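S.K.: for reference, the sequence and a predicted model appear below.
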Amino acid sequence: MKKILSVLMLSSFIMVTLPTEVPANTKKGQRLFKKKFRKKCGFSGVRFARNHTQAEWKEIYEKGEFPQEVKKICPRLKLENIKPSWWEHVNDFAVKYAKDGIVPKC
């Protein structure tokens with residue numbers, strides 16, 4: 001009985017502590033920008049990301065103003081065509097390649 005109870009408690013602890021959401025992915029954000037944003041923006045993703053520093057991108061995203069900022073940078077982009085789940089990935093991409101971020105290998 002003690003073993004069964006121990007196993008149950010351990011399994012419930014593991015289930016509670018596991019993350020339920022998949023973390024954002026920089027590579028996925030880069031692919032999304034290339035496929036869905038680039039034509040409308042008219043420039044590369046790195047040029048897009050270099051509009052702000054990493055701290056500025058993070059602040060914009062935390063305030064919930066990321067889609068509006070993207071629209072300012074890419075006025076021809078239609079926000080209704082962008083899935084809400086994509087924003088986090090594109091933000092991670094923008095943070096990584098921001099003004100003070102990583103210089104891409106070309």
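M.R.: Everything's here; your move. Everything quoted here is computed from the prediction, not taken from an experiment. Numbering: from 1, shown residues only.
S.K.: buried sites along the host helix or strand of Gly29?
M.R.: Taking DSSP states H and E as the criterion, Gly29 maps to helix 26-32. Within helix 26-32, the residues scored as buried using 16 or more other Cβ atoms under 10 Å are 26, 28-30, 32. Every C-beta, even on glycine, is put in place using the N, C-alpha and C of the backbone.
S.K.: could you do stretch 77-86 as well?
M.R.: So, applying 16+ other Cβ under 10 Å, buried residues of stretch 77-86: 77, 82, 86.
S.K.: ok, now stretch 62-79?
M.R.: Buried residues in stretch 62-79 (16+ other Cβ under 10 Å): 66-67, 69-70, 73-74, 77.
S.K.: give me every residue that touches the closest residue to Asn51 other than its chain neighbours.
M.R.: Of all residues not flanking Asn51 in the chain, Ile73 sits nearest, at 5.6 Å (Cβ to Cβ, 6 or more residues apart in numbering). By Cβ atoms under 8 Å, 6 or more residues apart in numbering, Ile73 lies in contact with 41, 48, 51.
S.K.: out of the residues you listed, which comes closest to Lys3?
M.R.: Nearest to Lys3 among the contacts of Ile73: Phe48, at 56.4 Å, using Cβ to Cβ.
S.K.: just the element for that closest one, please.
M.R.: helix 45-49.
S.K.: what's the following helix or strand past that helix packed up against?
M.R.: Next helix or strand after helix 45-49 toward the C-terminus (DSSP H and E): helix 54-62. Applying 3 or more Cβ pairs under 8 Å, 6 or more residues apart in numbering; DSSP states H and E, one finds that helix 54-62 contacts helix 66-73, helix 86-96.
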